[in-house]
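Student: Show me the folded form of this:
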Amino acid sequence: DRRMITVASTQLQESYPDMFKPSQRCRPPHLNIDNLRDAIFASNILSKQDEKITTSKALLDWMLKQNDELGKKYNHDNKEKKPDGSVNVIKSGIVKAKRFGFYLGLESSWLYKTP
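Tutor: Predicted coordinates for the structure are as follows:
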C-alpha cells in the first residue's frame, strides 16, 4: 500500500509542481508530499472504495476525480465562509487553486468520501 501511495502521490506532484511545497506546514491550496502520503494512508481510502484501489494508476485516477469534483464545488459555490460564518479557505487560496486547476489542498474531506 505504501509503495502504491508513494507512486501515485509523486505522479500527482509531478503533474502539479507549483502546488506542492517542502514545508509540512504549508498553507492551502498547497500540499506537502509527505503529509499527503500520510493522510492517504491514515484515511484507509484504499480499502473503502466499492471497487478496491489496487494500483497506483487507479489511486491517481481517483485523486484526479476528487480534484475535479472539488473544482466544480469551488467554481460553483465561490464561497469563502462556512455556514456558521467562519472562514473556510482564504480567498487567495481559492484564486490560486482555480489558476492551477488543483483543489485537493483546499480541504481534506475528499479523503473520506466513498462512492
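
Student: So for the residue most central in space within the chain, what's the pLDDT?
Tutor: Nearest residue to the geometric centre of the chain (CA atoms, centre = their mean): residue 104, 2.4 Å. pLDDT recorded at residue 104 is 97.

Student: Give me the pLDDT for the closest residue to it other than its chain neighbours.
Tutor: Using CB to CB, 6 or more residues apart in numbering and skipping residues adjacent in sequence, the residue nearest residue 104 is residue 67, 5.2 Å away. For the C-beta atoms, the positions are set from N, CA and C on the backbone; glycine is no exception. If you check residue 67, the pLDDT there is 98.

Student: Got phi/psi on residue 35?
Tutor: Backbone torsions of residue 35, given as degrees, to the nearest 10, read phi -60, psi -40.

Student: for the helix or strand residue 42 falls within, packing partners?
Tutor: Residue 42 belongs to helix 33-43 when assigned by DSSP states H and E. If contacts are counted by 3 or more CB pairs under 8 Å, 6 or more residues apart in numbering; DSSP states H and E, helix 33-43 sits against helix 2-15.

Student: And the helix holding residue 42, what's buried?
Tutor: For helix 33-43, the neighbour count (16 or more other CB atoms under 10 Å) marks 33, 35-37, 39-40 as buried.

Student: Next one: residue 36 relative to residue 103, how far apart?
Tutor: According to CB to CB, to the nearest Å, residue 36 and residue 103 sit 13 Å apart.
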